[in-house]
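A.B. asks: Okay, predicted coordinates and the sequence, questions at the end:
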Number of protein chains: 2
Amino acid sequence: MNGRDAVVLLSGGLDSATTLAIARGQGYRCHALSFAYGQRHDAELAAARRIAAAQGVAQHKVVTLSLDEIGGSALTDPAIAVPERPSEGIPPTYVPARNTVFLAIALGWAEVLGARDLFIGVNAVDYSGYPDCRPAFIEAFERLAQVATKAGVEGERWRIHAPLIHLSKAEIIRRGTAMGVDYALTVSCYQADPHGRACGHCDACRLRRQGFQEAGVPDPTVYAPKGD
Amino acid sequence: MNGRDAVVLLSGGLDSATTLAIARGQGYRCHALSFAYGQRHDAELAAARRIAAAQGVAQHKVVTLSLDEIGGSALTDPAIAVPERPSEGIPPTYVPARNTVFLAIALGWAEVLGARDLFIGVNAVDYSGYPDCRPAFIEAFERLAQVATKAGVEGERWRIHAPLIHLSKAEIIRRGTAMGVDYALTVSCYQADPHGRACGHCDACRLRRQGFQEAGVPDPTVYAPKGD
């Protein structure tokens, strides 16, 4: 333990489970934060709870946030279809300003806890179409945190850690596997069924499956039976 | 009308009602955004609905957000007392990172709507102890918006308008009165009763009362009977 507290965004997916393991590996006392934000896939939240329990976090909070009110994404608006193949540019699964919102709430909680470190599992390789998965976004948020908070104004240094930002999915899986992350607990599918079983053909499923193949790691994902 | 859309943060207080009137006066088509964030004073939300209706906004959304989960403020945590006199430094009514969170959600909604202008009624004069009411915060958020969104990455310009930031409460009241803002609809009190009646002695009540006095404008605030 390095004696420091960190807030770790935990979606229940493969990336955030790996990010949590990295934060713990660096010695942080981890406070996991998840969101019930009107996402179609509640299976993600169940996964987040399993991962938090398995990795032994200090605490795990789930903040309710009705992002479905503002719409605009296939992940929160039933009227927008989840695509089955990669799209050009920004995909319909992009939730507008989602990482800005999630980091903002993480920042507020960190301020209450006295933590100055936030961890987020964004990835600029696989999600190159998402503006808020890029290093420029992380840097701008870090600068915002300095002026938006009491601690920052008083000269303490905020750090937004995005340890996966330059890794491929296969590299993430290799790294997590080496640290003992149990990926069977994670759900990546954009439209997992209530049991957490993956559809096998959405963008997120494809990326995940390819990642395990390229990493040479057995894929523990449970797929829903066809036509189920 | 200038033909442009704007998202206006509307708390139900005096400042945000004035900010909405300013945005409308500049010709924006206004989309009002309020939050049910676990604040003690639900009377604020009822006031926001009255103001939105009275000023004729294009639409008014209320996003639910359980900020009480993260605690840390007298406004969301029943265990922290609302102070009755001005405090040194950052007061206990400060909600950690609140304006960061609110602007982040406004940014997401604006992206969905195609709006590039956000209005927020922050004030650096009366709320000098709040880090997220200062010009440096507004500027940092504007820079973040440029890199956090599709529109920003594509070169469109985001603008975060904080038209009250350098005004005193009296100046705000004079300006709003000149534009016909009905302050009887607004609620500023941190602990208003369910009828929206003000306590008369919290920080927010004192600032508001002094503002009307200094502005030479009759105070339409309804105060709760003593001992009520």
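C.D. replies: Happy to help now that I have it.

A.B. asks: Please tell me the pLDDT value assigned to the residue of chain A positioned farthest from its centre.
C.D. replies: Centroid-distance maximum for chain A: A:Glu154 at 29.8 Å, with CA atoms, centre = their mean. pLDDT for A:Glu154: 91.

A.B. asks: Please save the CA atoms from stretch A:189-199 in CSV.
C.D. replies: C-alpha atoms of stretch A:189-199 as CSV (Å, rounded to 0.1, in the frame of the first residue of the first chain):
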residue,chain,number,x,y,z
CYS,A,189,-21.3,-6.7,-24.5
TYR,A,190,-23.4,-3.6,-25.3
GLN,A,191,-26.5,-5.8,-25.1
ALA,A,192,-25.8,-8.6,-22.7
ASP,A,193,-28.8,-10.5,-21.5
PRO,A,194,-30.0,-10.4,-17.9
HIS,A,195,-27.7,-13.3,-17.0
GLY,A,196,-24.7,-11.3,-18.3
ARG,A,197,-24.3,-13.5,-21.4
ALA,A,198,-22.8,-11.7,-24.4
CYS,A,199,-24.5,-11.3,-27.8
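
A.B. asks: Let me see the residues that make contact with the worst-scoring helix or strand of chain A on mean pLDDT.
C.D. replies: Within chain A, no helix or strand scores below helix A:150-153, which has a mean of 90 by mean pLDDT, DSSP states H and E. Contact with helix A:150-153 is made by A:Glu111, A:Arg116, A:Ala145, A:Gln146, A:Val147, A:Trp158, B:Ile90, B:Tyr94, B:Pro96, B:Pro131, as judged by CB atoms under 8 Å, 6 or more residues apart in numbering or on different chains. All C-beta spots, glycine's among them, are computed from the backbone N, C-alpha and C.

A.B. asks: immediately after that helix, which helix or strand?
C.D. replies: Once the chain leaves helix A:150-153, the next helix or strand it forms, by DSSP states H and E, is strand A:159-161.

A.B. asks: in that next one, what counts as buried?
C.D. replies: Buried residues in strand A:159-161, counted by 16 or more other CB atoms under 10 Å in any protein chain shown: A:Ile160, A:His161.

A.B. asks: what are the pairing partners of that strand, and which direction each?
C.D. replies: strand A:117-119 (parallel) (DSSP bridges).

A.B. asks: tell me what whichever strand in chain A runs longest is packed against?
C.D. replies: Longest strand of chain A, by residue count under DSSP state E: strand A:29-36. If contacts are counted by 3 or more CB pairs under 8 Å, 6 or more residues apart in numbering or on different chains; DSSP states H and E, strand A:29-36 sits against strand A:5-9, helix A:14-25, helix A:43-55, strand A:59-64, helix A:98-113.

A.B. asks: nearest to B:Ala215, of these?
C.D. replies: Ranking these by proximity to B:Ala215 (CB to CB) places helix A:98-113 first, at 33.4 Å.

A.B. asks: how far is the closest one from where the chain is centred?
C.D. replies: Put simply, helix A:98-113 sits 13 Å off its chain's centre (CA atoms, centre = their mean, to the nearest Å).

A.B. asks: Quick check: A:Asp193 vs chain B, distance?
C.D. replies: According to CB to the nearest CB, to the nearest Å, A:Asp193 and chain B sit 26 Å apart.

A.B. asks: That residue and A:Ala43 touch, don't they?
C.D. replies: Yes. Counting by CB atoms under 8 Å, A:Asp193 does reach A:Ala43; the two are 7.0 Å apart.

A.B. asks: one step back: pull up the gap between the residue farthest from the centre of chain A and chain B, please.
C.D. replies: 9 Å.

A.B. asks: Next: A:Ala184.
C.D. replies: If you measure A:Ala184 against chain B using CB to the nearest CB, the figure is 28 Å.

A.B. asks: Report the secondary structure state of that residue.
C.D. replies: Of the three states, A:Ala184 takes helix according to DSSP: H, G, I helix; E, B strand; the rest coil.

A.B. asks: tell me which element the closest residue to it other than its chain neighbours falls in.
C.D. replies: In space, and not counting its chain neighbours, A:Ala184 is closest to A:Pro220: 3.9 Å by CB to CB, 6 or more residues apart in numbering or on different chains. A:Pro220 belongs to no helix or strand when assigned by DSSP H and E.

A.B. asks: residues contacting the closest residue to A:Gln55 other than its chain neighbours?
C.D. replies: Excluding the flanking residues, the one nearest A:Gln55 by CB to CB, 6+ apart is A:Leu20, at 5.5 Å. By CB under 8 Å, 6+ apart, the residues touching A:Leu20 are A:Val8, A:Leu10, A:Cys30, A:Ala32, A:Ile51, A:Ala52, A:Gln55, A:Val57, A:Phe119.
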